[in-house]
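Undergrad: Task: produce atomic coordinates for the following.
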Amino acid sequence: MSVGIGGAASLALVTDASAHGNFVSGTSACQADGTYTVTWTISNDWTLSEHVTEVASTGGGSITGLPGDITPSPGTPGKSGHQPYATITVTQTGVPGTATNATLTVAGTWSDGAKQGSAKNGVTLAGKCTADVGGTAAVAPTFTDTTCTVLTGSYTIPPASTVADYFVALNNSAAAAASAGTVSVPAGSTVTITAVGKNNVVLTPPTSWTHSFAAATDCSSSPPPGGGSSSSAPPVVSSTVTPAVPGLTHAICSAGAVTGAFISIPGITGVSYFNGATVLAAGNLAVAGGSVTTITAAPLAGFTFAGGSTTTWTLTASPVPSVCTSPPAIVLGVTFTQKPPAAKPPVAVLPFTGMPLLPTTLFGFALLLAGTLLIGSSRRHRFSRVIAIERGAHRS
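TA: The predicted structure follows:
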């Protein structure tokens, strides 16, 4: 029974940890007209896309951005640390300056049919927001639409300001801080740029600008009446393309050195790749080991994607190897963990061309002994003959 209860409890805990859910958070700012603006961020903690709707709100004013759709979140569901979550931004404007709090409750429906009845959060307001006639105006960004010769639009963030910071949201994505400069945007995209006062500076409206970039029209190459020449650009012909999948190369240890991870952005005609609101050039995009990067694709003006094309990829780079050493040396197919000692030059040895020493010495002694014996034998023989001669002489 204890085992059964424990197993049931573990299953319940796992189910709760991996359930589809939303997280709601908000920040408020007092506006120059004496009202509060609350910026709500709704996070999707699941790896499937979700449709979010408003259930209820308090504080007054009006809410824009709902209903909305949130893209799948990267990572492994049910485990801590798989953020960042995919989000959308919702704005509640016109909250009275005397309000002391505002709340937002949302419901979610995921692509697998799962539902969450409500997710709620609130922000505390000071209740002392008053109109500031002497507010400071932020410099507005500029937008450039597509043309028959330039198939992408662009937006320009004003030069660095001491009054405001700028945030950009592309196609209802989460707003990201933006630096000064011009950024290209494919046709069909919608960009929202918001200015936020620095150091509690109150900005006078407008503080938010939204622009949609449409494809250029009336790009005709027909000659003008009267047979004169035309300087108009050729027509934009719609073509169907399929975005290629970005490649991911992980960090590895090679010859004792770690090579960094990078994402290969394809160069496909008619396709523009993005990381958030940043347009990515074709080539290698360096990423940190262990990081999660979401790449999206959008068609340029005059192009459409083939049905069923994948346009979003979440790429997770492996952690950088913690140990990276040089490989052992290999000599003649044998692996050495240490380098072999330096070879010493051989000692020169002259070839032997004579008789062996010991036999030659013994042979010399033998000859000497034989000579001595012969000499002795010869003397003895002469001595015997002398004696014999002398004895004969006596007898005669």
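Undergrad: from here on, contacts and neighbour counts on C-alpha atoms
TA: Noted.
Undergrad: ok, the residue nearest to Gly60 when sequence neighbours are not counted to Lys128 distance?
TA: Of all residues not flanking Gly60 in the chain, Val95 sits nearest, at 5.1 Å (Cα to Cα, 6 or more residues apart in numbering). Val95 is 12 Å from Lys128, where distance means Cα to Cα, to the nearest Å.
Undergrad: Among the two, which residue is more densely surrounded?
TA: Val95 (27 against 15; other Cα atoms under 10 Å).
Undergrad: element containing that one, please.
TA: Val95 belongs to strand 86-96 when elements are defined using DSSP states H and E.
Undergrad: So what's the model's average confidence on that strand?
TA: Model confidence over strand 86-96, given as mean pLDDT, is 93.
Undergrad: cool, stretch 121-138 as well?
TA: Mean predicted confidence for stretch 121-138 is 80.
Undergrad: End to end on that stretch, go ahead and measure it.
TA: Stretch 121-138: ends 30 Å apart by Cα to Cα.
Undergrad: Next, the buried residues of the strand or helix carrying Val185.
TA: Applying DSSP H and E as the criterion places Val185 in strand 181-186. Residues 183-186 are the ones in strand 181-186 that count as buried (16 or more other Cα atoms under 10 Å).
Undergrad: got TSV for those, with distance to Tyr36 too?
TA: Listed next are the buried residues of strand 181-186 as TSV, based on distance: Cα to Cα, whole Å:
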residue	distance to Tyr36
Val183	31
Ser184	33
Val185	31
Pro186	34
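Undergrad: any idea which of those is closest to Ala216?
TA: Pro186 (11.5 Å; Cα to Cα).
Undergrad: I'd assumed Ser272 was in contact with that closest one.
TA: Yes - with contact defined as Cα atoms under 8 Å, Pro186 counts as touching Ser272 (6.9 Å).
Undergrad: Give me the neighbour count for Val90.
TA: By other Cα under 10 Å, neighbour count at Val90 equals 21.
Undergrad: for the protein, what spans make up the helices?
TA: Taking DSSP state H, the helices of the chain run over residues 2-17, 357-395.
Undergrad: looking at those helices, which has the lowest confidence?
TA: Across the helices of the chain, helix 2-17 gives the lowest mean pLDDT, at a mean of 40.
Undergrad: ok, now which ones touch the residue nearest to Gly60?
TA: 35-38, 59-62 (Cα atoms under 8 Å, 6 or more residues apart in numbering).
Undergrad: what residue lies at the spatial centre of this protein?
TA: Residue closest to the average C-alpha location in the chain (Cα atoms, centre = their mean): Val287, at 3.3 Å.
Undergrad: quick one: stretch 86-106 to chain centroid distance?
TA: On the basis of Cα atoms, centre = their mean, to the nearest Å, stretch 86-106 sits 35 Å off its chain's mean C-alpha point.
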